[in-house]
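Q: Sequence below, structure please.
(one chain, ligands or ions: 1)
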Amino acid sequence: MDTAVQPRIAHLRVNGERLWASLMELAQIGATPKGGVCRLALTELDKQARDRVIGWARDAGLQVTIDQIGNIFMRRAGRNPALPPIMTGSHIDTQPTGGKFDGNYGVLAGLEVVRTLNDHGIETEAPIEVAVWTNEEGSRFVPVMMGSGVFAGAFTLEHAYAATDTEGKSVRAELERIGYIGPQRPGDHPVGAYFEAHIEQGPVLEDHGKTIGVVTGVLGIRWYDCTVTGMEAHAGPTPMALRRDALQVATRLMQEVVACAQRHPPHGRGTVGMVQVHPNSRNVIPGQVKFSIDLRNASDAECERMDADIRAAAARLAAETGLGIDITLVSSYPAQPFHPECTAAVARAAQQLGYSHMPAVSGAGHDAVYLARLAPAGMVFIPCKDGISHNEIESATPEHITAGCNVLLHAMLERAG
Ligand SMILES: [Zn+2]
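A: From the prediction side, this is the model:
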């Protein structure tokens, strides 16, 4: 944009009340008695919400296109149509007991950015686009982040189409039924840069009293199955020294999972969430224990070090106790750092707007993770009450909602020119 409009741009602010009103209106589609939203992907309610958002986009003068996996792109033209769009967006499907803000905020914040630019007659060099990604939540159909995953080529359209819900209805059939299979081939759509505004879904910002999280990346994940094998024996006649108690050894290893995360700060996470004891009888010394291990960290190198750490701890315990310990990696997702220029644009916007901010990492997956494979990407986090999400009581303040949208606006303007 030319230098004469620069001071005007610096003072540009979104209309927080309009954004809040849109969020509350969209939340009525699938509203639950407890104040949440149940709007599963590709249901009649999802269709209604899609129709509503597209209606708003048309009112704002946006050009709407839809691809074959049902992703929606709403475009505001730039001065230079040859430039790839600066894109933002998120999802409007929810968990069965979801909230009003998860995903919906990112889409409607994007729409508010466009409405604000319209209000002030501001033209950008690159086009601006707002995307609605299909089935981010993965509640009704697996895999999660389906629309953005197909768009980024993480898996094929055929794979996504074939996914079925518990009633055997396929993604393809349901997309057809609600009228959201578009002509565009997924990914056949350039992206100049991607920003996503989202509630944090964790407690860190609130704990630090900060308004904006400048998201530096999304944690890598390693999932393991662990089996400790000892010997079942009678709880009475077997003296303590002669036992091969799998549960006692397993609980020591579980402690190591937590210790391992603490040895890899600040982003190390270690969780045992699932335990099976065999034979699970009150007067039998457990002969076998199976449990899950979930390790996360901000880089693949750190995930690798945590992997070596927990395996070494298991080897020490096995040598000391003589019990068998097997640790098998069952799935892993690479860490996704965001682009330094996008991260810097978010931090600069927060700084210039006078909002308190801090670097943040995302422990949860987002559509931005897949978009980061295609283009420079970044995310803006705002606090949510008590860090609670995927829950009907999910809550965020109008002040934070507005602040995050202002940061999104200015970060996007920096990239769009
Ligand atoms: Zn989300």
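Q: Report pLDDT for the nearest residue to Ala345 once chain neighbours are set aside.
A: Once its chain neighbours are removed from consideration, Ala345 has its nearest residue in Ala411; the separation is 4.2 Å (Cβ to Cβ, 6 or more residues apart in numbering). All C-beta spots, glycine's among them, are computed from the backbone N, C-alpha and C. The score at Ala411 is 98. That number is its pLDDT.
Q: What's opposite Met358 in the beta bridge?
A: Listed beta-bridge partners, Met358: Gly213 (assigned using DSSP bridges).
Q: Quick one: residues contacting it.
A: By Cβ atoms under 8 Å, 6 or more residues apart in numbering, the contact list for Met358 reads Leu205, His208, Lys210, Ile212, Gly213, Val214.
Q: Throw these into TSV and include pLDDT, thanks.
A: Putting the contacts of Met358 into TSV (pLDDT from 0 to 100) gives the following:
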residue	pLDDT
Leu205	97
His208	96
Lys210	98
Ile212	98
Gly213	98
Val214	98
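Q: Closest one of these to the ion?
A: Minimum distance to the ion across the contacts of Met358 is 14.3 Å, recorded for Gly213 (Cβ to the ion).
Q: ok, that closest one touching Gly378?
A: No - under the criterion of Cβ atoms under 8 Å, Gly213 lies out of contact with Gly378, with a separation of 11.1 Å.
Q: Distance to the ion added to the contacts of Met358, as CSV?
A: Formatted as CSV, the entries for the contacts of Met358 read as follows, by distance: Cβ to the ion, whole Å:
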residue, distance to the ion
Leu205, 16
His208, 22
Lys210, 20
Ile212, 17
Gly213, 14
Val214, 18
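Q: Can you flag the buried ones in these?
A: Buried by 16 or more other Cβ atoms under 10 Å: Leu205, Lys210, Ile212, Gly213, Val214, out of these.
Q: quick revisit: can you tell me which residues contact the residue nearest to Ala345?
A: By Cβ under 8 Å, 6+ apart, the contact set of Ala411 is Phe195, Cys342, Ala345, Val346, Arg348, Ala349, Gly378, Val380.
Q: again, only using 10 Å
A: For Ala411, the contacting residues are 86, 88, 113, 193, 195, 197, 214, 342-350, 378-380, taking Cβ atoms under 10 Å, 6 or more residues apart in numbering as the criterion.
Q: Next up, identify which helix or strand it is on.
A: The secondary structure element spanning Ala411 is helix 398-416 (assigned by DSSP states H and E).
Q: helices or strands up against the longest helix seen in the chain?
A: Among the segments of the chain that qualify as a helix by DSSP state H, the longest is helix 300-321. With contacts taken as 3 or more Cβ pairs under 10 Å, 6 or more residues apart in numbering; DSSP states H and E, helix 300-321 sits against strand 220-229, helix 246-262, strand 269-271, strand 288-297, strand 324-333.
Q: hmm, which helix or strand of this structure has the shakiest average pLDDT?
A: For the chain, scoring each helix and strand by mean pLDDT, DSSP states H and E identifies helix 6-10 as the least confident one, at a mean of 79.
Q: Name the next helix or strand downstream of that one, please.
A: Stepping forward along the backbone from helix 6-10, the first helix or strand reached (DSSP H and E) is helix 16-26.
Q: Do me a favour and get the backbone dihedrals for the nearest residue to Thr116 once chain neighbours are set aside.
A: Residue nearest to Thr116 in three dimensions, not counting chain neighbours: Val14, with 4.7 Å by Cβ to Cβ, 6+ apart. Summarising the backbone geometry of Val14 under the convention degrees, to the nearest 10, its torsions are phi -70, psi 170.
Q: What separation do you get for Val14 and the ion?
A: For Val14, the distance to the ion (Cβ to the ion, to the nearest Å) stands at 20 Å.
Q: Would you confirm that that residue contacts Cys405?
A: Yes - distance between Val14 and Cys405: 4.6 Å, which falls inside the contact criterion (Cβ atoms under 10 Å).
Q: joint contacts of these two?
A: Ala109, Glu112, Val113, Thr116.
Q: residues touching the last one, list them.
A: Translated: Thr116. With contact taken as Cβ under 10 Å, 6+ apart, Thr116 is in contact with Leu12, Arg13, Val14, Asn15, Arg18, Leu19, Ile122, Cys405, Asn406, Leu409, Leu413.
Q: Averaged pLDDT, stretch 95-102. What do you get?
A: Stretch 95-102 comes out at a mean pLDDT of 95.
Q: Now for the contacts of Thr116: which two are most distant?
A: The two members of those with the most space between them (Cβ to Cβ) are Arg18 and Leu413, at 18.5 Å.
Q: higher neighbour count, those two?
A: For Arg18 versus Leu413, the count of surrounding residues by other Cβ atoms under 10 Å is larger for Leu413: 22 against 16.
Q: Count the neighbours of the spatially closest residue to that one that is not a sequence neighbour for me.
A: Taking Cβ to Cβ, 6+ apart as the measure, Leu413 lies nearest to Ile9, with 6.2 Å between them; neighbours along the chain are not counted. Ile9 has 14 neighbouring residues, counting by other Cβ under 10 Å.
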